[in-house]
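K.L.:
Everything below, folded, please.
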Amino acid sequence: MEITKRRLADIVPYAANAKKHDKRQINNVAESIKQYGFVQPIVIDRDGVIVIGHCRAMAAKKLGMEEVPCVCVDDLTPEQVNALRLVDNKSNESDWDFDLLADELPGLDLSAFDFDWGLPEDQTEDVVEDEAPEVDEESEPITKMGDIWQLGRHRLMCGDSTDKEAVQFCIRTCNRIDVQNPRVIRIQNSLHIGQVMLSEAYYADVLAGKYAGLTALDAPAAMAFDEQGTLTTPWLPQ
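P.N.:
Down below sits the predicted model:
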């Protein structure tokens, strides 16, 4: 891969670029270039049209740069160039591991950037507790077994937490979860949270003392279900 310097004025934005960049994103990229340098070259085709890096080009213009590092993909066909432009943008979309992100951010000075990380700690609205409404025992219930309600970043399923199919279905409906290694917390009920069951994905973190007040009482073990699919894993004596 050969990186060359090109005059910013000679680089042409792709007219049909489907990826949009707002002012905040451009400012953040400009700040990144200012602090850390131009570490990601702009990718252009043989005619100098941008394939990857429109936002970097706009940030460079904001900073008054006259030249930018570029990589030319002149070995690709026009069809491949158009495909690469979309594939690169789409393949860069992914979710965050908010637990790891929350550990990483406190040690970094990102005060010059305007980012909304979406962490629970970023939610500053006061929580107002409502009084529980009277239960209507005559009308047909709105929520049925198997219904899933979206509550912000969370989902609430109406089901039996001891039913194997309900547990499996609930895990599969979560977007930000590794179904092979899910991070699941099970409580006995809302009045007894002195002891909780954590999936194996949490085990190493608990042993390392990452979660204050949590102590591992037993080694990881598979959830046990009987022939009817009912959870039989017992709670440890307290």
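K.L.:
Residue ranges in the protein under the pLDDT threshold?
P.N.:
Residues of the chain that meet the criterion pLDDT under 70 lie in 120-130, 153, 174-179, 236-238.
K.L.:
CA-only coordinates of stretch 29-42 in PDB, if you can.
P.N.:
This file holds the C-alpha atoms of stretch 29-42, laid out as PDB (Å, rounded to 0.1, in the frame of the first residue of the first chain):
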ATOM      1  CA  VAL A  29     -12.600  14.200  13.500                       C
ATOM      2  CA  ALA A  30     -10.800  17.500  13.100                       C
ATOM      3  CA  GLU A  31      -9.900  17.400  16.800                       C
ATOM      4  CA  SER A  32      -8.600  13.900  16.500                       C
ATOM      5  CA  ILE A  33      -6.400  14.900  13.600                       C
ATOM      6  CA  LYS A  34      -5.200  17.900  15.500                       C
ATOM      7  CA  GLN A  35      -4.300  15.900  18.600                       C
ATOM      8  CA  TYR A  36      -3.100  12.600  17.100                       C
ATOM      9  CA  GLY A  37      -2.200  13.300  13.500                       C
ATOM     10  CA  PHE A  38      -3.600  12.100  10.200                       C
ATOM     11  CA  VAL A  39      -3.300   8.500  11.000                       C
ATOM     12  CA  GLN A  40      -5.900   7.200   8.500                       C
ATOM     13  CA  PRO A  41      -5.200   8.100   4.900                       C
ATOM     14  CA  ILE A  42      -8.100   9.100   2.600                       C
END
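K.L.:
for that stretch, the distance to its chain's centre please.
P.N.:
23 Å (Cα atoms, centre = their mean, to the nearest Å).
K.L.:
Pull the residues that contact that stretch.
P.N.:
By Cβ atoms under 8 Å, 6 or more residues apart in numbering, the residues outside stretch 29-42 that reach it are 3, 6, 11, 50, 52-53, 55-60, 62-63, 65, 68-71, 112-113. (C-beta placed from N, C-alpha, C; glycine too.)
K.L.:
residue with max distance from the center of the protein?
P.N.:
Glu138 (42.2 Å; Cα atoms, centre = their mean).
K.L.:
how much space between it and Gly194?
P.N.:
Using Cβ to Cβ, to the nearest Å, one obtains 37 Å as the distance from Glu138 to Gly194.
K.L.:
now do Pro141
P.N.:
Counting by Cβ to Cβ, the gap from Pro141 to Gly194 is 31 Å.
K.L.:
Show me which of those two is the more surrounded one.
P.N.:
Neighbour count, other Cβ atoms under 10 Å: between Pro141 and Gly194, Pro141 has more, with 11 against 8.
K.L.:
Doesn't the more buried one lie inside a helix?
P.N.:
No. Counting by DSSP: H, G, I helix; E, B strand; the rest coil, Pro141 is not part of a helix but coil.
K.L.:
quick revisit: restricted to buried residues, select the contacts of stretch 29-42 in ChimeraX.
P.N.:
One line in ChimeraX is enough to select the buried members of these, burial here meaning 16 or more other Cβ atoms under 10 Å:
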select :6,11,50,52,53,55,56,57,58,59,60,62,68,69,70,71
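K.L.:
Narrow the contacts of stretch 29-42 to those in strands?
P.N.:
When DSSP state E is applied, the contacts of stretch 29-42 are split such that 6, 50, 52, 68-71 fall in strands.
K.L.:
For Leu86, which non-adjacent residue is spatially closest?
P.N.:
Distances taken as Cβ to Cβ, 6 or more residues apart in numbering put Ala18 closest to Leu86, at 7.1 Å, once the chain neighbours are dropped.
K.L.:
Share the number of residues neighbouring that neighbour, please.
P.N.:
Ala18 - counted by other Cβ under 10 Å - has 9 other residues nearby.
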